[in-house]
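>>> Dropping the sequence and predicted coords here.
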Amino acid sequence: MIVGAGGAGVSTAINLAKEGVEVAVIAKHPAGYGDTRIADGIMVSPGVLPGDSREKFLEDILAAGEGLNDRELVNRFVDYAFRVTAEVERIGHLFRRDERGAFSEEVVSQSGGHQVARSLSSPPANALLLAWALRSSLVRENIDCFEDTLVFRIFSGDGAVHGAAAVSLATGDIYVFESPVVVLATGGGGWLYYPNTDCTREETGDGYALGLLAGAEAIDMEQVQFIPFALAAPASYRGIMVGEPSVAGDRGVLLDRHGKVILDRINRKTRTEVTRAMGEAMLAGRAGEDGSFWLDLTANKQTGEGRKLWLKLRQRGRLAPLKRAYGEAAYNWEKPFPVIPSAHYFMGGLRVDHNCETRVSGLYAVGQVQGGLHGGGRLGSLSLAELFTGGKIAAEHILQTKIGRKVTGNDLNIPVEIESLFGADGKYSPAQLTAELQSVMNESAGILRSEEGLARGLARLQELKECSQDLAIPHHRQFNLALQEALELPLMLLTAEAVLQSALARKESRGAHLRRDYPEQSSGARHVVTRLEESVIKCTWEGVN
Amino acid sequence: MGDIRISILRGTPGEQYWQEFTIPPTCETVLDALQWIYRHEDNSLAFRYDCRFKHCGLCGVTVDGRAKLACMTRVKDGMEIGPLQNLPLVRDLVIDRSSLPRLTEQLQLYVVPETGETIAGKVSADYFYFARCNECLICATVCPAGKNEGEIFGPFVWVRLAQLYLDPRDKMDRLAQAAELGINGCNGCGECSCAAGINFKKALQLLKGAK
């Protein structure tokens, strides 16, 4: 049973189905959606050009991870990454080749943080082709896919997984799945920061909570990557990516609401350096009412290099959000425009061994929901690769060790009480509570954290937990969006708590986690490990592998 | 600038009705409006969206009679918003998308056969052009050729066939398949519009055997 039909879920499913295993994929939206669909389609392919090596690739990953990478996971990933291109193209995707059909320097790019060029691309500027290949592969391999179906509980006992319960959002029917293997491929938790996120609607962090509730551990949940520059308005576009520090060019500057410079030489700085400066400025009251700053790229238009950069970005479609949100002048870099930092990727996640298995036997985590590979920072263009390396690694281990296993125990008889949610006549609307949760995340677990802010956030989460027992939900069986939010809410609350507790525990600034009260990195990198003990979140320290 | 009044066609098959809403002028897009209504007015409203910015293709609706992406359409006073037409309705603005996997299976809209290897070969730029299709189904709602054996069938099928024809790994005779499916029956009425900016004529010319 595979939860999630993005790259990680589908690649695992295909690897299993090809060996004759009976697989069911459960997806909260139609198959091929989620963050995979809107990724930029750029994927690392180590060794594609001469002059690359395992050592160099490893070096780059570890440098980005700031000491928090799990070496075992990294080594396994690197091994499989050298063969990942074939894995991805097998399912029907194609990367761009040069005129002679080769992956030459012409078409292989050097992504941020890489010491050599090793990234392939698939025009046009996003992974729609890959999403189509994923969706149509499910059909080609005859894999049962339950779309618009939300998994709200995983059954486990005696250290092993037994199956899961889900509801079809299309019909309101409840499904109970019996399986000795559950693969969580649910993606990240960006939507916890809505609207200050560029992630899609499904990314409510379901898998982290489902895993914790089933007895798994999570690792470094405080490590959330933010893109420094995203749209501030209009409301439905808030959080959509404008770009990395590199889009600022040589002459771009970041201004506060008074027009005073906060930061210059932006394109020489890392994401974390830029977001830290934005966080400090926010605390100093320098942001606009809506939390935004102004990115002024106008000086770039006066230099040849600056104009070249504009043309390159335009050709890649990266300027479209500016035109759409702010109009021609902003698009042409003729005037400054408002930006906010936006939640983009969760480096932390469910703790797994090098087979992608959690400490609960039969419960696997693949893709963004998995933690430990990227440590404190994800190297660019790795996220698509890990979907397929993880899909292969998990499938191989499942084939070796779990086939023929039967589900034992009576856990599947636990009454699945969600009927009472339809037409519930309580006090709070799920939308209202979700919005409050999201503002807690933005205030307490944003780009710059503090003891005081985190403690406040945790107290508010407790209140929200109580309110979430008293919901008002319409009775409709079909596409009841309030019901969807009502089911996601407890999972989001748990994931949020894991993030806040981990952030509170890590009294240092390391990787993407920035503490205002602990601005330095402490000596010796350690993991923050999160688990549930008698329904209470506990965080402990462990050495890095 | 005052409040904006819009009407939304709601309900289930055979029981549809219009409902009026007044939304604040801060709502800029149709998706803004739908989200605002869901959060503040009526949380029984059913609609779909995912990426909020043009790429994913999930938020297609009918706006004043024309099929559009809700996230990319400015909301205006007096607008009438309904589900995509000519597709099976589920509830309110949500339509049934299951014809997509069915069509994929019937017409084998995937690389045939699967080779298990990376190919080393030139791939035409047009291949990537057709690969821009995000399956929003907007084109399917307006094509008068309408249905194929009761299933929805729209210009996006020609786009996928063209993409597969240009795929160096695909061995099926996609030109013959297109002819069998009645590509010559396309009367070039030009009603079809593509939210991803694909020019269907390119696909049609390719599949009809033109160079």
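Here it is on my side, so go on. Numbering: from 1, shown residues only, chains lettered A, B, ... in the order given.
>>> where are the low-confidence patches of chain A?
Counting by pLDDT under 70, chain A shows low-confidence ranges at A:125, A:409-415.
>>> Go again with 80.
By pLDDT under 80, the low-scoring segments of chain A are A:124-126, A:408-417.
>>> show me the contacts for the spatially most central residue of it.
In chain A, the residue lying closest to the centroid (CA atoms, centre = their mean) is A:Gly188, at 3.1 Å. By CB atoms under 8 Å, 6 or more residues apart in numbering or on different chains, the contact set of A:Gly188 is A:Asp35, A:Cys199, A:Glu203, A:Gly205, A:Tyr345, A:Phe346, A:Gly349, A:Gln368, A:Val369. In this view, the C-beta of every residue, glycine as well, is placed from N, C-alpha and C.
>>> My guess is the third one contacts A:Gly189. True?
Yes: with contact defined as CB atoms under 8 Å, A:Glu203 counts as touching A:Gly189 (6.1 Å).
>>> neighbour-wise, which of these two wins?
A:Gly189 (32 against 29; other CB atoms under 10 Å in any protein chain shown).
>>> Around A:Ala284, how many other residues sit close by?
A:Ala284 has 10 nearby residues by other CB under 10 Å.
>>> where's it relative to A:Ala248, distance?
The gap separating A:Ala284 from A:Ala248 is 21 Å, by CB to CB, to the nearest Å.
>>> just A:Pro234 next, same as before
23 Å.
>>> Give me the more crowded residue out of the two.
Neighbours per residue (other CB under 10 Å) separate A:Pro234 from A:Ala248, with A:Ala248 holding more: 27 against 17.
>>> Got the phi and psi for the nearest residue to B:Cys194 once chain neighbours are set aside?
By the measure of CB to CB, 6 or more residues apart in numbering or on different chains, the closest residue to B:Cys194 outside its immediate chain neighbours is B:Cys139, 5.7 Å from it. Per-residue torsions, B:Cys139: phi -70, psi -30 (degrees, to the nearest 10).
>>> can you tell me which residues contact B:Cys139?
By CB under 8 Å, 6+ apart, the residues touching B:Cys139 are B:Gly154, B:Pro155, B:Phe156, B:Cys192, B:Ser193, B:Cys194, B:Phe200.
>>> ok, it to chain A distance?
Per CB to the nearest CB, to the nearest Å, B:Cys139 is found 15 Å from chain A.
>>> Could you verify my assumption that B:Asp126 touches B:Leu207?
No: taking contacts as CB under 8 Å, B:Asp126 lies outside contact range of B:Leu207: 11.9 Å.
>>> Give me the subset of the contacts of A:Gly188 lying in helices.
Counting by DSSP state H, the contacts of A:Gly188 place A:Asp35 in helices.
>>> from the contacts of A:Gly188, which would you call buried?
A:Asp35, A:Cys199, A:Glu203, A:Gly205, A:Tyr345, A:Phe346, A:Gly349, A:Gln368, A:Val369 (16 or more other CB atoms under 10 Å in any protein chain shown).
>>> I'd like to know which of the residues you listed are part of strands.
With strands taken from DSSP state E, the overlap with those comprises A:Tyr345, A:Phe346, A:Gly349.
>>> In space, not sequence, find me the middle residue of chain B.
Residue closest to chain B centre, computed by CA atoms, centre = their mean, is B:Leu137 at 1.8 Å.
>>> contacting residues around that residue?
Contacts for B:Leu137 (CB under 8 Å, 6+ apart) come out as B:Gly57, B:Gly60, B:Leu84, B:Leu87, B:Ile95, B:Arg97, B:Leu100, B:Ile152, B:Gly154, B:Phe156.
>>> Check A:Thr540 too.
A:Val528, A:Val529, A:Arg531.
>>> 7 Å instead?
Shown in contact with A:Thr540 (CB atoms under 7 Å, 6 or more residues apart in numbering or on different chains): A:Val529.
>>> Need the three-state assignment for it.
When classified by DSSP: H, G, I helix; E, B strand; the rest coil, A:Thr540 comes out as strand.
>>> mind checking how far A:Ser361 is from A:Gly349?
19 Å.
>>> now the helices for the stretch 351-500 of chain A?
Assigned by DSSP state H, counting those that start in this stretch, the stretch 351-500 of chain A shows helices spanning A:383-401, A:430-444, A:451-467, A:481-505.
>>> Which one of the ones you listed lies nearest to A:Ile154?
helix A:481-505 (10.8 Å; CB to CB).
>>> Return the list of helices and strands in contact with the closest one.
Other helices and strands packing on helix A:481-505, by 3 or more CB pairs under 7 Å, 6 or more residues apart in numbering or on different chains; DSSP states H and E, are strand A:149-157, helix A:206-213, helix A:430-444, helix A:451-467, strand A:526-533, strand A:536-543.
>>> wait, which of those is closest to A:Tyr331?
Of the helices and strands packed on helix A:481-505, the one closest to A:Tyr331 (CB to CB) turns out to be helix A:430-444, at 27.3 Å.
>>> Can you confirm whether the closest one lies near chain B?
Yes: using CB under 7 Å from any CB of the partner chain, we find that helix A:430-444 touches chain B at A:Ala431.
>>> Show me which positions of that helix end up buried.
Result for helix A:430-444 [16+ other CB under 10 Å]: buried residues A:Pro430, A:Ala431, A:Gln432, A:Leu433, A:Thr434, A:Glu436, A:Leu437, A:Gln438, A:Val440, A:Met441, A:Asn442, A:Ser444.
>>> For chain B, which segments count as helices?
Using DSSP H, helices in chain B cover B:30-36, B:99-106, B:125-130, B:138-142, B:155-166, B:174-180, B:200-207.
>>> Pop the domain breakdown of the chain in here.
Using chain A here. Using automatic domain parsing, the domain parsing of chain A gives A:231-341, A:416-529.
>>> my bad, the chain I had in mind was chain B
With domains defined by automatic domain parsing, chain B comprises B:4-95, B:99-207.
>>> Present these as TSV; the columns should include distance to A:Asn69 and mean pLDDT.
Converted to TSV, these look like this (distance: least, CB to CB, whole Å; pLDDT from 0 to 100):
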stretch	distance to A:Asn69	mean pLDDT
domain B:4-95	30	96
domain B:99-207	28	86
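>>> Nearest to A:Ile262 among the ones you listed would be which one?
Closest approach to A:Ile262 among these (CB to CB): domain B:4-95, 26.3 Å.
>>> anything in that closest one near chain A?
Yes: counting by CB under 7 Å from any CB, chain A is contacted by domain B:4-95 at B:26, B:28-29, B:31-32, B:35, B:38-39, B:43-44, B:46, B:49-53, B:55-56, B:58, B:71, B:90-91, B:94.
>>> Sort out which of those are buried, if you could.
With neighbours counted by 16+ other CB under 10 Å, those contain buried members at B:28-29, B:31-32, B:35, B:38, B:43-44, B:46, B:49-53, B:55-56, B:58, B:71, B:90-91, B:94.
>>> Chain B: strands as residue ranges?
Along chain B, the segments classed as strands by DSSP E run B:4-12, B:15-23, B:60-63, B:66-69, B:80-82, B:89-91, B:94-95, B:147-148, B:151-152.
>>> what comes up buried for the fifth one?
Neighbour counts using 16+ other CB under 10 Å place B:Ile81, B:Gly82 of strand B:80-82 among the buried residues.
>>> starting at the chain centroid, how far to that strand?
17 Å (CA atoms, centre = their mean, to the nearest Å).
>>> Thank you, goodbye.
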